[in-house]
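Novice: I would like to see how this sequence folds:
(chains A, B and C)
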Amino acid sequence: MLRTLLSEDFPRSRALTAVVLLIVLGLVLAPFVFPGIRSLNTAATICIFIVLVASYDLLLGYTGIVSFAHTMFFGIGAYGVALSLKAFPASWGAVALGAGAGLVLAMGLALVIGLFALRVQAIFFAMVTLAVASAFLILASQLSGLTGGEDGLTYRVPRELSPALKLVSAKVMDVRLDGRIVSYYLIFGSALVLVLGLLRVVNSPFGRVLQAIRENEFRAEAIGYRTAFYRTAATCLSAGAAALAGVLMALWTKYTGPDTTLSLSIMIDILLMVVIGGMGTIYGAVVGATLFVLAKNYLQVLMASAAETTAGVPLLNELVSPDRWLLWLGILFVLSVYFFPTGIVGRLRGRA
Amino acid sequence: MTDQTSDASIPSPPLADRLKAQAPYWTVPGLAVLGLVLIADASTWGTLTLAGLAMGMLIFIMASGLTLVFGLMDVLNFGHGAFISIGAFVGATVLLALTGWTGADSLALNLGAVLLAIVAAMLATGGLGWFFERVIIKPVYGAHLKQILVTMGGLIVAEELIHLFWGPNQIPLPRPEMLKGSWVAGGVIVEKYRVLAVVLGAAIFIGLRWSLVHTRLGLLIRAGVENGEMVEALGYRVRRLFVLVFVAGSALAGLGGVMWGLYDEIITAQMGLNILVLVFIVVIIGGLGSVEGCFIGALLVGLMANYTGFLAPKVALGSNILLMVVILMWRPRGLLPAGKG
Amino acid sequence: MAELLRLEGVHTHIGQYHILQGVDLVVPEGELTMLLGRNGAGKTTTLRTIMGMWRASAGELGLAGTDLRPLATPDIARLGVGYVPENMGVFAALTVRENMLLAARDGAMDESRLEWIFSLFPALKKFWGLPAGNLSGGQKQMLSIARAMIEPRRLILIDEPSKGLAPAIVDALIEAMRELKRTATTILMVEQNFRMAQALGDGVAVMDDGRVVHAGRMAELAADPALQARLLGLSLGAHQ
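Specialist: Modelled structure (predicted):
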């Protein structure tokens, strides 16, 4: 059963198994163990980013392609739902319509970009996706009539997901079972299914071809694999999964704007998560996204207190200011590419 | 020896082929004419064309180094954006310190201040480029994936360092007194600063092209872009050549940063990444490794941005993507790809 | 005859492939040594290993007493080693003149040497100012060899110059190489064309499976059809 679920791709290390179990347990029990809106929000964000980062890992880690358009696909999924819920009364039909439209658009666009940029030269892909994604970001901010521009869109979600819904009047473990909880478990469940699905993809024959291409393109080509086809297919799958993560994001936050879905800083976050977690493992996405989101939410608080205690020291104070946390992550990122290319997961597996 | 092949002289290619080979050079005038038809107003068109050329020249300054760095060592440097930003901030620091010169009603003093700012920026980014090549890029030669990741990481760190040294806010950067305002000639608005940008960009292009064609170093660079291994087999150290080109390219990025900052009259830490997008489009359109292609690509992008900025402002950046797509459909390796056949 | 180049037990790995498996080879000074063998025997890899383009993973590699193994390609070239690669390595975007200029390391070409080269390869004079990319295959091969000849070299490595050329052009090439031999330049040449090998070779080494399996005089090999058949297979001998 577990074998099938994980597609026979186990963590393969006691330490990693423990970490992954801890994360899954933590996410399952989050609403009860860590009550409060802030921690629930953190848990949901972790779930969504795990999907987003895992789908990026399919591209970067398994296929060896660098894309800067992943947030664009994420945003397309989110805007799909947002626009649909804005245009129609909040219903599951509207959600399905928006999600479907977003999914189709994201995969279609990925197909076009893949056909274009991957056909020519793999190195074009990083540049082309960066250009296309920034154009898309500007377009989304400019077409304010449709997208709400910089302000983004706020909308209502189906009643089942709103705090107004009460499942039972009594509290369970001091937590009110309302629509927020339903919403959280919907996101958790979807994320779980998507990540297991991605694990299935990378361990399928298709996934093995992708890895063969990553290792040695010429040889894969010589054996007879049409590398452009496989790479484009991986791009489409990855875009589709990212769009679905965007759908989850839109449902959770009830707000979709360029800063929360399309911006390049999220793209950079994704890169950091996948590299620090460990490329080409999927588990790396789980670990990386969890640590990163936790750090982003709580480490900054820590840095703020460090900044207070060093208030008198001019440069040091600036260095530990919470606004500078990306500086440290950037350095960590560069160091990990050189010294720990297999990331945290590689380290944990290496030790076992 | 009796060389049988020497008698068979190289046949002159048919006219159609020669036209096809020249076609990339006609894209810029072609786009300008198309712009004139669509805008349908000669003086507006003139203003926009000048603005487009100025913008194109500035992008060219920043893109030329990147394309040569790629051509020579197959290195794709996302950190190039950082040099643009840092150049702008160093230049701005100099300019803001020289308010006496920039505020004076003297063209010589104004230009002197700009020149000092440019020199400072180029020294800073050139030095930084040297450091970047040694520390960041050298360990990842030949590994594209790691190159992209590591140079992107370098860009993030550099952006953060700018915040650290110059604060989190954007800095307004007014143009020197005599470079403000514009002349009007026959309804065409000629912004003084744009004229400076065009002159400087053209001078750099001509200088760069001249050194590539007429100096031994340029000869080595052209040969290295085409086949670095053979250049080494002839006894030249391509690695050293590469460091030199990398430093020069970084210095040019710094120069471009100062000029762009004065063009926009405001600088931000993120400006480098934003311009990098344009630079990539230009380098792809031009063909990786080609300075001439890069120049044509830069002018196309500059003109396109200004024409569409007037005709349909909301899709201005999208238009450059469209331009890139059209050109790649026509020539999958860009207008004038260099070497690495 | 003094030996100029000596390889002893040289191993070379390319990625995960073990290409050279202990090559022993001696190239005597002032001679043209032919390196023969089937496709994939390791001939090109041997030349590239000498040039430092692939790194030898084990063994000795010396040029007149200088250990070549720690040296990078440019430094090996500066010892006076000229290289004419299999793909000719002509810079297509550069003119014929610029190609030659690069090969003259101090930036100036010796006039008398140039005249000598022009007399051997008139085509180069004819297309002096044109991009080398416009040349025919045979002319590119001549340019590539001429680049190695523009300066006096201690050793020239030439990789299969006859590849893909028409028989008449091969004849012309043989003539030019004879002319070059008269200057007593040491040459190590890879060939598949036995006619060319027979016409030019002083010494010969035959490679198979990453090793030198026979070394001797070219004349002896040419006179011994049975040995040819054993070393090179019938197909090669039948080329004559």
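Novice: tell me which helix or strand of the chain sits lowest on mean pLDDT?
Specialist: If you meant another chain, say so; for now it's chain A. Least confident helix or strand of chain A, by mean pLDDT, DSSP states H and E, is helix A:119-120 with a mean of 64.
Novice: other chain: chain B
Specialist: Result, chain B / mean pLDDT, DSSP H and E: helix B:4-7, a mean of 42.
Novice: Backbone torsions only: list them for B:G186.
Specialist: Backbone torsions of B:G186, given as degrees, to the nearest 10, read phi 60, psi 40.
Novice: Who are the contact partners of C:L35?
Specialist: By C-beta atoms under 8 Å, 6 or more residues apart in numbering or on different chains, the residues touching C:L35 are C:25, C:43, C:46-47, C:188-191, C:204-207. Backbone N, C-alpha and C define where each C-beta goes, glycine included.
Novice: and the residue lying closest to B:V150 once chain neighbours are set aside, what does it touch?
Specialist: Leaving aside its chain neighbours, B:V150 sits nearest to A:V337 (5.0 Å; criterion: C-beta to C-beta, 6 or more residues apart in numbering or on different chains). Residues near A:V337 by C-beta under 8 Å, 6+ apart: A:275, B:140, B:146, B:149-150, B:153.
Novice: Quick one: low-confidence residue ranges for chain B.
Specialist: For chain B, applying pLDDT under 70 flags the ranges B:1-14, B:317, B:339-341.
Novice: Which phi and psi values does whichever residue of the stretch 251-352 of chain A sits closest to chain C adopt?
Specialist: Residue nearest to chain C within the stretch 251-352 of chain A (C-beta to the nearest C-beta): A:P341, separated by 18.2 Å. When read as degrees, to the nearest 10, the backbone of A:P341 gives phi -60, psi -20.
Novice: Can you tell me how far it is from C:S57?
Specialist: To C:S57, A:P341 is 24 Å away according to C-beta to C-beta, to the nearest Å.
Novice: same check, this time on C:R48
Specialist: 13 Å.
Novice: between these two, which one's more packed in?
Specialist: Neighbour tally, C:R48 and C:S57, criterion other C-beta atoms under 10 Å in any protein chain shown: the higher count belongs to C:R48, 25 against 14.
Novice: Look at A:R156 and say how many residues are nearby.
Specialist: 14.
Novice: pLDDT below threshold where in chain C?
Specialist: For chain C, the ranges with pLDDT under 70 are C:1, C:234-240.
Novice: mind redoing it with 50?
Specialist: Along chain C, the model assigns pLDDT under 50 to residues C:234-240.
Novice: Tell me which residue is most central in it.
Specialist: Nearest to the geometric centre of chain C sits C:I158, at 1.4 Å (C-alpha atoms, centre = their mean).
Novice: neighbouring contacts of the helix or strand where that residue lies?
Specialist: Assigning secondary structure by DSSP states H and E places C:I158 in strand C:155-159. The contact list for strand C:155-159, computed with C-beta under 8 Å, 6+ apart, reads C:4-5, C:27, C:43-44, C:47, C:50-51, C:63, C:80-86, C:145, C:148-149, C:180, C:185-190.
Novice: let's see 7 Å
Specialist: C:4-5, C:44, C:47, C:50-51, C:63, C:80-86, C:145, C:148, C:185-190 (C-beta atoms under 7 Å, 6 or more residues apart in numbering or on different chains).
Novice: Check which helices and strands the helix or strand containing A:L109 sits against.
Specialist: Element membership for A:L109 (DSSP H and E) is helix A:92-113. Packing partners of helix A:92-113 (3 or more C-beta pairs under 7 Å, 6 or more residues apart in numbering or on different chains; DSSP states H and E): helix A:70-87, helix A:122-142, helix A:227-253.
Novice: now the residue of the stretch 251-352 of chain A closest to chain C: how far from chain B?
Specialist: Separation of A:P341 from chain B (C-beta to the nearest C-beta, to the nearest Å): 7 Å.
Novice: Show me where the chain has its strands.
Specialist: With no chain named, the answer covers chain A. For chain A, applying DSSP state E gives strands covering A:153-154, A:166-172, A:175-178, A:255-256.
Novice: Sorry, I should have been clearer: chain B.
Specialist: Secondary structure of chain B (DSSP E): strands at B:171-172, B:182-185, B:188-191, B:266-267.
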